[in-house]
Structures are given as C-alpha cells and as structure tokens.
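>>> Sequence first, predicted model second:
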Amino acid sequence: MANVLVVGSGGREHALSWKLSQSSAVDTVFTAPGNGGTRDNVFVAAEDIGGLAGFAEKNDCFTVVGPEVPLSMGIVDLFRRRNLEIFGPTGGSAQLESSKIWAKQFMKGNGIPTAGFEVFDDRKEALEYVASTPHPVVVKADGLAAGKGVFVCSDAAEAGDAVDAILGRNVFGRAGSRIVVEERIDGVEASYIALCDGDTVVPMAASQDHKRIYDGDRGPNTGGMGAYSPTPAVDAEIAAKIQSRIIEPTVSAMKGLGLPFQGFLYAGIMVRDGEPYVLEFNTRMGDPECQPIVMRMDFDLYEYLLECSRGRLSRLPAPRWKSQSAVCVVLASRGYPGKYPRGEEIAGLGEVRDGMVFHAGTRRDSGRVLTTGGRVLGVTALGSDLRDAVSRAYSMADKIRWPHKHCRTDIGSWGLSGADQAAL
C-alpha cells in the first residue's frame with residue numbers, strides 16, 4: 001500500500017485526492033496544505049517545496065502536484081534530485097505555462113497552430129500597436145496570474161486599458177513585466193488535457209470551461225466558474241486534429257529540446273471553422289475541469305499517474321470513461337475576481353446528498369465551514385446526459401448558502417439544444 005501527497009489547496013486538489021483515495025493500492029492521501037474538504041491535511045504551503053520534499057521522504061509518498069506555481073519553481077526537479085517519485089513536469093517543461101512568451105515562440109517555431117502575436121515590455125510601444133491594429137486583440141501578462149492575466153478585448157480602447165493595467169499600473173507585478181498582444185480568434189473554446197510520459201500521450205475526456213464571471217460570458221476572466229464533460233465542441237474529428245496537430249507535435253518538440261514533458265498537458269483550444277488553435281498551454285490539470293473529468297473516470301487514477309511518472313504509460317490500456325455527463329458549478333464569493341469578503345459561514349452542506357461538493361476556498365473552524373477564497377466550492381454532478389447533469393448540479397447548488405454566495409446560472413448552456421437552454 002502506498003501513501004500519496006497531493007500538493008495544493010483548491011477544488012482540483014480535493015478532486016484529485018478524492019479520486020486517488022479510491023485506489024486499492026493507496027493507503028493514505030495527504031493534501032498540502034489542503035482545505036476544509038480534504039482529509040489528512042499537511043500544513044506545508046504549496047510553495048515550500050523543500051518542506052514538501054521532507055514530508056514526502058519521511059512518509060514514503062508518491063507526490064502529485066496540482067497548481068502551477070510549485071511546478072514553475074522546480075518542485076519536480078528537487079524531488080528527483082532526492083530520488084522521490086513525483087508526478088508533474090520539470091521547471092523547464094513548465095515554461096509552457098509559466099511564460100506565455102516562451103510558449104508562443106515555441107508554438108511559432110514548431111508550426112503549432114496559434115494566433116499571430118507581438119511581444120512588448122514598453123507601455124508606449126504597446127499602446128501604439130493596439131491603437132493601430134485593425135483587428136480585435138487579446139492582451140496577456142507573460143507570467144503566472146492565477147487565470148486573471150488575460151484580457152479579451154473588443155476594441156482598441158479596451159486593449160489600451162489592458163496594456164495600462166499590466167505595463168502601466170503593474171497590477172500583476174513581475175508576472176506582467178512583459179506582455180503578449182495576439183490576434184483575437186473567435187469561435188468555440190474547449191479544454192483538451194492529455195496525460196504525457198515524455199513519449200506516450202493519453203487523452204483525457206474533453207471538457208469545456210466557463211472563464212468569465214457573469215452569465216453569457218460577460219465580465220472579467222476568472223480561474224473558471226464551471227465546467228462540463230464531455231463537450232460537443234470536441235467531436236471525434238476535432239479531437240483527432242488536436243491530437244495530431246497540437247499535442248503530439250508539442251510532446252515531440254519538447255523532447256527534442258531536451259525537456260521531455262511528463263504530466264498533464266492542457267491545451268486551451270479555440271475551434272474556428274472546424275480547425276483548432278491553441279489559446280494557451282497549462283502544464284497541470286485544469287480547475288474546474290478536473291472536477292467533472294474525475295467524476296467520469298472509470299479507471300485507477302493512481303496507477304496511471306504512477307506509470308506516467310516512470311515513463312511507462314504505454315503498458316496501460318486506454319482509460320475507460322463513464323458514459324454519463326458531468327457538470328461542475330463553481331460557487332464563488334461575490335466580488336471575485338476582485339475584492340471579496342472572507343470568513344462567512346457556509347450552510348446547507350449537510351443537505352447535499354447527490355454528487356460531490358469539492359472544496360476550494362474553505363476552512364474548518366470549531367465544526368463550522370468558513371469561506372477563505374474567491375472560488376469557494378465546486379458543486380459537481382453526474383447525469384444521464386448534459387441536461388440531467390446540469391439540473392442535478394444546480395439542485396445541489398441551491399441547497400448551499402452563505403451571505404455573499406455567487407454563481408453563474410448558465411454553466412453547460414452552450415452544449416444544450418435551444419429547448420434545453422430554455423429549461424434553464
């Protein structure tokens with residue numbers, strides 16, 4: 001029996017811990033630092049990679065890294081130097097996410113379909129460029145910004161405001177010392193996540209995220225307000241194109257650079273006129289995409305992650321997936337992604353009987369569950385089809401209450417027929 005250490009404190013980490021604990025080969029799943037929903041929490045910060053290595057060594061753990069920051073810090077490199085087994089990409093490989101400029105130049109150099117772009121570190125030059133560009137643009141901070149460093153702009157004025165925010169007001173600190181300005185590609189967005197061991201690539205179930213804070217994809221970007229799987233945005237034909245034109249060439253090119261990619265490779269995809277383009281790469285499982293994806297898993301996740309970390313994915317059969325649909329509705333604190341209240345007591349968790357409530361921004365205090373973050377809970381349900389899963393998830397969400405609770409009411413609506421959308 002093995003012990004597992006899951007690094008992180010969000011809904012993704014709760015979902016991974018929950019699924020890994022179901023393996024017959026796993027004894028205890030520790031989560032560091034965890035949240036109000038995870039068990040066996042270890043009070044070591046996700047960024048304290050030395051402390052995490054010490055805990056894993058002492059408790060003989062196989063470690064699974066959830067968030068991007070410790071990956072970019074080189075937690076995998078450190079663990080490997082200490083002969084500790086760990087799942088995730090090295091710091092060099094994690095540049096696909098930790099630097100949007102590095103990733104865009106990598107894609108351009110290797111013929112991977114993505115939007116045209118320019119790079120700036122000078123505010124005046126960037127403002128002149130966005131004012132003269134005839135097409136709408138997307139402005140991105142180069143570094144990690146918790147999903148909030150991307151501004152999808154409709155006109156030059158919005159693009160100028162985004163440039164001012166990043167290069168002028170320095171809202172993202174060092175992460176925004178340089179920016180990418182790229183052509184805005186309009187279409188249907190989807191999340192395509194694959195398990196990679198450096199050579200072999202195994203696709204996970206496709207999903208669709210909802211980034212904006214308000215219904216109808218309005219308002220600022222967030223870390224994600226909900227997700228569902230599967231999605232009609234990625235049919236068999238589109239999936240084959242993503243696999244052959246994006247994922248496999250990326251893994252091959254990374255190996256050619258001496259940066260073999262092991263871990264979850266997440267491609268944020270825009271499908272336009274039947275063709276997929278990469279919006280961005282992430283080098284870890286998505287959040288909230290992880291929640292519906294793990295609900296549909298019909299295989300031992302621990303076995304796949306362990307063999308992946310050992311470069312032996314090819315030994316395993318293709319993963320099995322439940323035929324049901326799964327939907328995750330994120331319950332957030334009103335005010336997110338800006339300022340929001342903390343420490344509010346959550347009621348109604350005991351009334352939820354169907355599905356799973358994955359915790360993110362929560363903590364326990366004397367038997368109470370309190371809010372601590374912007375994204376608080378991920379209410380996740382399985383259904384016979386997408387409409388059924390949406391109905392079940394919102395029925396669960398309605399039972400949970402706190403003073404400043406906020407959620408979108410249209411998660412999954414794109415995947416539903418017009419009649420089913422009306423039923424929402």
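Sure thing, it's come through.
>>> which regions of the stretch 301-424 of the chain lie under the pLDDT threshold?
Residues of the stretch 301-424 of the chain meeting the criterion pLDDT under 70: 417-424.
>>> Show me the helices in it, by range?
With helices called from DSSP state H, counting those that start in this stretch, the stretch 301-424 of the chain shows them at 301-309, 386-398, 418-423.
>>> Reformat those as JSON lines; add distance to residue 35 and mean neighbour count.
(C-beta placed from N, C-alpha, C; glycine too.) Below are those laid out as JSON lines (distance: least, C-beta to C-beta, whole Å; neighbours: other C-beta atoms under 10 Å):
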{"stretch": "helix 301-309", "distance to residue 35": "19", "mean neighbour count": "21"}
{"stretch": "helix 386-398", "distance to residue 35": "18", "mean neighbour count": "21"}
{"stretch": "helix 418-423", "distance to residue 35": "33", "mean neighbour count": "10"}
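>>> Figure out which of those helices is closest to residue 330.
Each of those was checked against residue 330 via C-beta to C-beta, and the shortest separation belongs to helix 386-398, namely 9.3 Å.
>>> Nearest to residue 346, out of the helices of the stretch 301-424 of the chain?
Within the helices of the stretch 301-424 of the chain, the stretch nearest residue 346 is helix 386-398; the backing value is 12.1 Å (C-beta to C-beta).
>>> Could you list every helix and strand in contact with the closest one?
On a contact count with 3 or more C-beta pairs under 8 Å, 6 or more residues apart in numbering; DSSP states H and E, helix 386-398 meets strand 226-229, strand 325-337, strand 375-383, helix 418-423.
>>> out of the ones you listed, nearest to residue 346?
Using C-beta to C-beta as the criterion, the shortest distance between residue 346 and the helices and strands packed on helix 386-398 is 7.3 Å, found for strand 375-383.
>>> distance of the nearest residue to residue 316 once chain neighbours are set aside from residue 8?
In space, and not counting its chain neighbours, residue 316 is closest to residue 307: 5.7 Å by C-beta to C-beta, 6 or more residues apart in numbering. From residue 307 across to residue 8, the span is 22 Å (C-beta to C-beta, to the nearest Å).
>>> just residue 296 next, same as before
Here the criterion is C-beta to C-beta. By it, residue 296 lies 21 Å from residue 8.
>>> Hmm, residue 192 is touching residue 264, no?
No - applying C-beta atoms under 8 Å as the test, residue 192 and residue 264 come out as separate, 10.9 Å apart.
>>> quick one, which of these two is more surrounded?
Taking neighbours as other C-beta atoms under 10 Å, residue 192 and residue 264 compare with residue 192 leading, 27 against 24.
>>> Quick check: beta-bridge partners of that one?
residue 267 (DSSP bridges).
>>> which residues does it contact?
With contacts defined as C-beta atoms under 8 Å, 6 or more residues apart in numbering, the neighbours of residue 192 are 203, 206, 234, 239, 242, 246, 247, 266, 267, 269, 276.
>>> Can you lay out these as a markdown table showing secondary structure?
What follows is the contacts of residue 192, written out as a markdown table (DSSP: H, G, I helix; E, B strand; the rest coil):
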| residue | secondary structure |
| --- | --- |
| 203 | strand |
| 206 | coil |
| 234 | coil |
| 239 | helix |
| 242 | helix |
| 246 | helix |
| 247 | helix |
| 266 | strand |
| 267 | strand |
| 269 | strand |
| 276 | strand |
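>>> ok, of those, which come out buried?
Buried residues within these, counting neighbours by 16 or more other C-beta atoms under 10 Å: 203, 206, 234, 239, 242, 246, 247, 266, 267, 269, 276.
>>> Name the nearest of those relative to residue 226.
Within those, proximity to residue 226 (C-beta to C-beta) peaks at residue 206, which comes in at 15.5 Å.
>>> Hmm, residue 232 and that closest one touching each other?
No - assessed by C-beta under 8 Å, residue 206 is found out of contact with residue 232, at 9.4 Å.
>>> While we're on the residue most central in space within the chain, how confident is the model there?
Note on the chain: the residue nearest the mean C-alpha position is residue 286, at 2.0 Å, using C-alpha atoms, centre = their mean. You'll see residue 286 listed with a pLDDT of 95.
>>> Check which helix or strand it maps to.
Assignment of secondary structure by DSSP states H and E places residue 286 within no helix or strand.
>>> Quick check, it in contact with residue 227.
Yes - contact criterion C-beta under 8 Å: residue 286 and residue 227 qualify, at 7.3 Å.
>>> Need the overlap of contacts for those two.
Between them, residue 286 and residue 227 have 191, 207, 209 as joint contacts when contacts are counted by C-beta under 8 Å, 6+ apart.
>>> Which members of those are classed as buried?
Neighbour counting by 16+ other C-beta under 10 Å classes 191, 207, 209 among the shared contacts of residue 286 and residue 227 as buried.
>>> my read: the last one touches residue 217, true?
No - with contacts counted by C-beta under 8 Å, residue 209 stays clear of residue 217, the gap being 10.8 Å.
>>> How about the contacts made by the nearest residue to residue 10 once chain neighbours are set aside?
Nearest residue to residue 10, sequence neighbours excluded (C-beta to C-beta, 6+ apart): residue 360, at 4.7 Å. Taking C-beta under 8 Å, 6+ apart as the contact definition, residue 360 lies against 9, 10, 11, 14, 35, 287, 330, 373, 375, 376, 377, 378.
>>> Tell me which two in those residues are the farthest apart.
Of all pairs in the contacts of residue 360, the most separated under C-beta to C-beta is 9 and 330 at 15.2 Å.
>>> Please identify which of those two sits among more neighbours.
Ranked by neighbour count (other C-beta under 10 Å), residue 9 and residue 330 place residue 330 first, with 31 against 27.
>>> any idea how far that one lies from residue 304?
The spacing between residue 330 and residue 304, counted by C-beta to C-beta, is 26 Å.
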